[in-house]
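**Student:** Sequence unavailable; structure follows:
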């Protein structure tokens, strides 16, 4: 009798566990195969799915009004936790999270201050600072470049961190800066990216950092074609043009997304802020077999020193978005 | 049956046939993906009509498409191929938003007409410049309007990321307007009559769109201006011979195009998002071309075609939500097929249908 009860209990418990955990994600306009931000998150979630065998529900929004509509739909269908991808979903999430106080939401790249929302943001300026240090040490011409995607404050944050890193090593180095465009098309224009990078190389720059989504692939290509160096962004892009990508500024959205599902599953998920900087390994720089020859041990030591100094607070990296200004150009 | 009735019948049959073919091919694609086409159709229709929230979203999209569909239709009647609704809607929406930000303490009864006026002026100017270039210098409107789309986009990005964005905000958007100047949402309007419906972005602008449909119909077919406009569109030389000022008509048509497109801003900015944001008009302007062509550039046709695209948008989104193997690109494919068959290949089955109708009509009379 007791064992039967126990068995029934276990069955009910495991069924309720299986019932209870229905994670979901709402991708933003770029779509899950944008080779950048959304795709990074997708990679993290796929890793979770493969490890646990737990499926998740997903939707890619096409239109502004759909953010709120489908966040609500996911929540009302019992999905939990729900990941809202990108800062564009903040307004919609603020509304929906209040309507479903028992659903756990995580938003990546933005802050929504509600008791059932976890806000995950990154210190991109810190990671960019590090690759700036590497660029400055590697540059032989005393000139480096930056190609941004769409002209928005977030990308200025990357640029500003990068310039600070460069100037930290040598304030005499010139940094060319260009944004690809002013519409979302600027995220996906490799031809234009290549052209901008080529112009910088022709003006004497020997390293160009691309923070431009799909456009950056053109920058990496131009570097390989011109025997110069480039720096990738978001995910590790060193392997895309082996030997000409100096390093990549890593922004671990995949880890962040994976963690949401994992902590949601084991119950350790917490609402509130989660600011991922160098200290949390949320941002960083990539070193692997594709760029090992490009990074000397002096560079490696220096950048690790700088990393530690930033974590310890000895070096302060200015965040462009705190006042929309950059102290250096 | 009069010849006109026969013609109307043929046009209706041709459109319906084309739509059926488009859906049939979409069904084949769904089937090839390993899903049940009937279930997909059912999900789509249920998502678009089956419950009040779905219907609300469908009509909300429809409202946008009515405006841009009409905008294209007016230009088309004047012989213009206006592909600038996108930019005109953008700039018109900017005007709506600025009025709302500026006069947010005022009553909606004053702000709404002012916002309408402002979007006519801004959207109208955005249409008038290509109109002027066409009328005076012969610059082709396809080239100039698409360029103006880019200019609009650049201006908006600049304004939103440098001027209108509150300093601490990440997204390039303006702050929210005070609630006083929001166009009442449909659930609020129903609430006045004691009826309860789910909250959706559908708002009072829908009724305004219906009024615009009527006004455009009156204007094009029942005023002297409309007659002049159609004459210019049908035969420019004849219009000149009849003493009609072609340049003036082209510019007027483009101003009306711009004004109508600008009303997208009323629905989106003032009625739904309540703040100025990047790309709120994305795709609506271009879809308007398809809406107008499928609707034969007639207000009634525009209404039906706008509804069709509303269904495709909302039902399609529901479909990709419910059936996870069908992603949003599949939905775009279905829309593309509808545009291909009902818009671009409209004459594919026309000869056969014409023959068929004539045969039947001859038999019965």
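**Tutor:** Great, that's in hand. None of these values were measured; they are calculated from a predicted model. Residues are numbered from 1 along each chain as shown, chains lettered A, B, ... in the order given.
**Student:** When you work out contacts or count neighbours from here on, use the C-alpha atoms and nothing else.
**Tutor:** Will do.
**Student:** Can you tell me which residues in chain A are near chain B?
**Tutor:** Contact residues of chain A with respect to chain B, defined by Cα under 8 Å from any Cα of the partner chain, are listed as A:57-60, A:62-65, A:87-88, A:110, A:151-154, A:182-183, A:321-324.
**Student:** one more time with 7 Å, if that's ok
**Tutor:** Residues of chain A found near chain B, taking Cα under 7 Å from any Cα of the partner chain as the criterion, are A:59-60, A:64, A:87-88, A:152-153, A:182-183.
**Student:** Just send these back as TSV, with secondary structure, pLDDT and distance to residue B:263 too.
**Tutor:** Compiled in TSV, the residues of chain A next to chain B are given as follows (DSSP: H, G, I helix; E, B strand; the rest coil; pLDDT from 0 to 100; distance: Cα to Cα, whole Å):
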residue	secondary structure	pLDDT	distance to residue B:263
A:59	strand	92	29
A:60	strand	89	27
A:64	helix	79	17
A:87	helix	82	27
A:88	helix	83	24
A:152	coil	83	27
A:153	helix	85	30
A:182	coil	74	24
A:183	coil	69	22
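**Student:** out of the residues you listed, who's nearest residue B:295?
**Tutor:** Looking at those and their distance to residue B:295, the nearest is residue A:64, at 26.1 Å (Cα to Cα).
**Student:** Among the residues of chain A next to chain B, find me the one that's closest to residue B:2.
**Tutor:** Nearest member of the residues of chain A next to chain B to residue B:2, counting by Cα to Cα, is residue A:64, at 47.4 Å.
**Student:** Let me know how buried that closest one is, in neighbour terms.
**Tutor:** The local packing of residue A:64 (other Cα atoms under 10 Å in any protein chain shown) involves 22 other residues.
**Student:** and if you look at residue A:36?
**Tutor:** When counting by other Cα under 10 Å, one arrives at 21 neighbours for residue A:36.
**Student:** which residues sit in contact with residue A:222?
**Tutor:** With contact set as Cα atoms under 7 Å, 6 or more residues apart in numbering or on different chains, residue A:222 has these partners: A:194, A:197-198.
**Student:** Can you check the residues you listed and name whichever has the most neighbours?
**Tutor:** residue A:197 leads the contacts of residue A:222 on contacts (other Cα under 10 Å) with 33 neighbours.
**Student:** so that residue makes contact with residue A:220?
**Tutor:** No. Here residue A:197 does not reach residue A:220: they are 8.6 Å apart, not a contact under Cα atoms under 7 Å.
**Student:** Can you report how many residues lie near residue 220?
**Tutor:** Here I'm looking at chain A. In terms of burial, residue A:220 registers 29 neighbours under the definition other Cα under 10 Å.
**Student:** try chain B instead
**Tutor:** Neighbour count for residue B:220, taken as other Cα under 10 Å: 21.
**Student:** Would you mind giving the secondary structure of it?
**Tutor:** Using DSSP: H, G, I helix; E, B strand; the rest coil, the secondary structure recorded for residue B:220 is helix.
**Student:** got the contact list for it?
**Tutor:** Residue B:220 makes contact with B:226-227, according to Cα under 7 Å, 6+ apart.
**Student:** do you know how far it is from residue B:70?
**Tutor:** Between residue B:220 and residue B:70 the distance is 11 Å, computed by Cα to Cα, to the nearest Å.
**Student:** same thing with residue B:48?
**Tutor:** The value you get for residue B:48 to residue B:70, if Cα to Cα is used, is 23 Å.
**Student:** ok, these two, which is more surrounded?
**Tutor:** In terms of neighbours (other Cα under 10 Å), residue B:70 is the more surrounded of residue B:48 and residue B:70; the figures are 32 against 28.
**Student:** ok, back up a step: what's the closest of the residues of chain A next to chain B to residue A:162?
**Tutor:** Within the set of the residues of chain A next to chain B, residue A:153 lies nearest residue A:162; the separation is 14.2 Å, counting by Cα to Cα.
**Student:** ok, the closest one touching residue A:322?
**Tutor:** No. Counting by Cα under 7 Å, residue A:153 sits too far from residue A:322 to count as a contact (10.0 Å).
**Student:** More neighbours: which of those two?
**Tutor:** The neighbour comparison of residue A:153 against residue A:322 (other Cα under 10 Å) goes to residue A:153, with 19 against 12.
**Student:** What sits closest to the more buried one if chain neighbours are left out?
**Tutor:** The shortest distance from residue A:153 to any residue that is not its chain neighbour, by Cα to Cα, 6 or more residues apart in numbering or on different chains, is 6.4 Å, and that residue is residue A:321.
**Student:** Show me which residues of whichever strand or helix holds the one you found are buried.
**Tutor:** Using DSSP states H and E, residue A:321 maps to helix A:320-323. Of the residues in helix A:320-323, those with enough neighbours to count as buried (16 or more other Cα atoms under 10 Å in any protein chain shown) are A:320-321.
**Student:** Identify all contacting residues around that helix.
**Tutor:** So helix A:320-323 is in contact with A:153, A:156-157, A:160, A:326, going by Cα under 7 Å, 6+ apart.
**Student:** mind running it again at 8 Å?
**Tutor:** With Cα atoms under 8 Å, 6 or more residues apart in numbering or on different chains as the test, helix A:320-323 has contacts from A:125, A:153-154, A:156-157, A:160-161, A:326, B:167-168, B:170.
**Student:** hey, what's the residue most central in space within chain A bridged with?
**Tutor:** When Cα atoms, centre = their mean is applied to chain A, the residue found nearest the centroid is residue A:251 (3.7 Å). Each beta-bridge partner of residue A:251 is listed here, defined by DSSP bridges: residue A:283.
**Student:** Tell me who's in contact with it.
**Tutor:** A:122, A:124, A:127, A:233-235, A:282-284.
**Student:** can you list the residues you listed in TSV and add neighbour count?
**Tutor:** Written out in TSV, the entries for those read as follows (neighbours: other Cα atoms under 10 Å in any protein chain shown):
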residue	neighbour count
A:122	23
A:124	27
A:127	29
A:233	27
A:234	25
A:235	20
A:282	23
A:283	24
A:284	25
